[in-house]
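**Q** this is a predicted model, with the sequence first.
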Amino acid sequence: MGLLRLINKTIESPESNTPQEDAVAAGQKLKTLRNGRNITVREVEQASRRIADAKGDRRFCISNGWLAQLENSASEPNIQKFFSLSVIYRVNFLDLLRLYDVDVDEKQEYEPVADPYLTQLIPHKPNVGELFTSTEQLETILMANGKVNSNPTPHIVYGQVGLTDFTMYPMIRPGALLRIDTSQNKLMSGIWHNEYERPIFFIELRGAYACGWCELQGNQLLIIPHHSSRASVRRFTYPREAEIVGRVVGYDTGCVDLKPQD
């Protein structure tokens with residue numbers, strides 16, 4: 001593990017590299033890792049053959065020719081052979097994948113990218129312009145005193161309204177970024193002078209999310225859409241089917257509708 005970190009520091013790839021250049025750098029790191037273990041390509045082949053025999057699967061066997069091609073970036077990685085390399089080199093399998101820009105820890109980060117149509121939480125604070133073209137300075141503030149603590153706090157999380165979610169349209173349009181205060185997760189009743197004073201909540205629906213005004217009627221949580229929206233009121237058993245994540249205290253929305261893209 002320590003050797004792989006050292007290799008990553010000594011053979012760094014510039015961020016502007018092309019995929020082909022990144023592959024060359026990954027091959028160099030693999031070769032450096034093997035040399036650091038004082039293992040020849042022939043010894044790798046012999047060790048992998050023993051692993052393949054034990055598993056009863058020849059896909060785990062690494063020929064010295066294939067390994068040479070991999071180190072010279074003339075062949076592509078293979079899951080079974082990478083498993084054998086991780087055993088022989090005594091490194092974490094996932095660390096080998098990271099050499100080829102495959103990081104399973106980034107799974108949640110790319111879920112909003114893969115499915116932008118669903119309303120969902122964002123696992124990190126979005127960079128300016130990352131998911132929307134405006135800046136935080138243009139964010140609409142929904143707190144009563146018009147202030148939001150600008151200091152990073154653990155109870156502030158971020159969400160994104162799905163491209164097919166018109167619950168709060170046109171006040172909050174599909175694709176909008178949301179700032180959510182998880183410390184304010186209790187429903188409140190009262191009289192509001194305008195729609196901006198009425199609390200908007202971010203709700204977890206056991207595998208999905210929603211954003212809207214809320215009312216509690218007995219054990220029924222009602223998600224109330226904006227009065228100009230074409231969406232309908234939705235009912236969920238509370239808290240079995242729905243749970244309040246927090247109050248939306250700011251949002252970044254466009255003034256024109258976003259067009260869903262394939």
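**A** That came in fine, so what should we check first? Quick caveat: nothing in here was measured; it's all calculated off a predicted structure.
**Q** give me the spatial nearest neighbour of Met171, chain neighbours excluded.
**A** His226 (5.2 Å; C-beta to C-beta, 6 or more residues apart in numbering). Every residue, glycine included, has its C-beta placed from N, CA and C.
**Q** repeat for Lys31
**A** Glu71 (4.2 Å).
**Q** so what's the closest residue to Arg37 other than its chain neighbours up against?
**A** Nearest non-adjacent residue to Arg37, counting by C-beta to C-beta, 6+ apart: Tyr89, 5.8 Å away. Counting by C-beta atoms under 8 Å, 6 or more residues apart in numbering, Tyr89 makes contact with Leu33, Arg34, Arg37, Ile39, Leu96.
**Q** can you tell me which of these has the most neighbours?
**A** When neighbours are counted by other C-beta atoms under 10 Å, Leu33 leads the contacts of Tyr89 with 24 neighbours.
**Q** how near is that residue to Ile79?
**A** Plainly put, Leu33 is 18 Å away from Ile79 if you go by C-beta to C-beta, to the nearest Å.
**Q** just give me the neighbour total for His155.
**A** Neighbours of His155 using other C-beta under 10 Å come to 12.
**Q** just checking, it touches Ser183?
**A** Yes. Contact status for His155 versus Ser183: in contact at 4.3 Å, counting by C-beta atoms under 8 Å.
**Q** what is in contact with the two at once?
**A** Joint contacts of His155 and Ser183 (C-beta under 8 Å, 6+ apart) are Gly246.
**Q** Gly246: which of the contacts of Tyr89 is nearest?
**A** Checking the contacts of Tyr89 against Gly246 by C-beta to C-beta gives Leu96 as the nearest, at 38.7 Å.
**Q** excluding covalently adjacent residues, which one is nearest to Val161?
**A** Ala176 (4.5 Å).
**Q** circling back: which residues touch the residue nearest to Met171?
**A** Thr167, Met168, Tyr169, Pro170, Met171, Ile172, Glu195, Gly212, Trp213.
**Q** Pro225 touches Gly212, doesn't it?
**A** Yes. Between Pro225 and Gly212 a contact is recorded at 5.9 Å, counting by C-beta under 8 Å.
**Q** more neighbours, those two?
**A** Comparing Pro225 with Gly212 by other C-beta under 10 Å, the one with more neighbours is Gly212, at 23 against 20.
**Q** biggest helix in the chain, by residue count?
**A** Among the segments of the chain that qualify as a helix by DSSP state H, the longest is helix 19-36.
**Q** next one, pLDDT for the residue lying farthest from the centre of the chain please.
**A** In the chain, counting by C-alpha atoms, centre = their mean, Arg42 sits farthest out from the average C-alpha position, at 40.3 Å. Note for Arg42: predicted pLDDT of 94.
**Q** isn't it up against Ser63?
**A** No. Using C-beta under 8 Å, Arg42 is not in contact with Ser63; the gap is 10.1 Å.
**Q** in the stretch 1-150 of the chain, which spans are helices?
**A** Assigned by DSSP state H, counting those that start in this stretch, the helices in the stretch 1-150 of the chain fall at 2-10, 19-36, 41-55, 64-71, 79-89, 93-98, 107-114.
**Q** wait, which of the ones you listed is closest to Gly162?
**A** helix 107-114 (9.0 Å).
**Q** list the buried residues of the closest one.
**A** Pro112 (16 or more other C-beta atoms under 10 Å).
**Q** same check, this time on stretch 42-61
**A** Neighbour-count burial for stretch 42-61 [16+ other C-beta under 10 Å]: Val44, Glu45, Ala47, Ser48, Arg49, Ile51, Ala52, Phe60, Cys61.
**Q** same list (the residues you listed) but as TSV, adding distance to Leu205.
**A** Output for those, formatted as TSV (distance: C-beta to C-beta, whole Å):
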residue	distance to Leu205
Val44	50
Glu45	52
Ala47	50
Ser48	47
Arg49	51
Ile51	45
Ala52	46
Phe60	43
Cys61	48
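**Q** out of those residues, who's nearest Val256?
**A** For those, the nearest to Val256 is Phe60 (54.3 Å; C-beta to C-beta).
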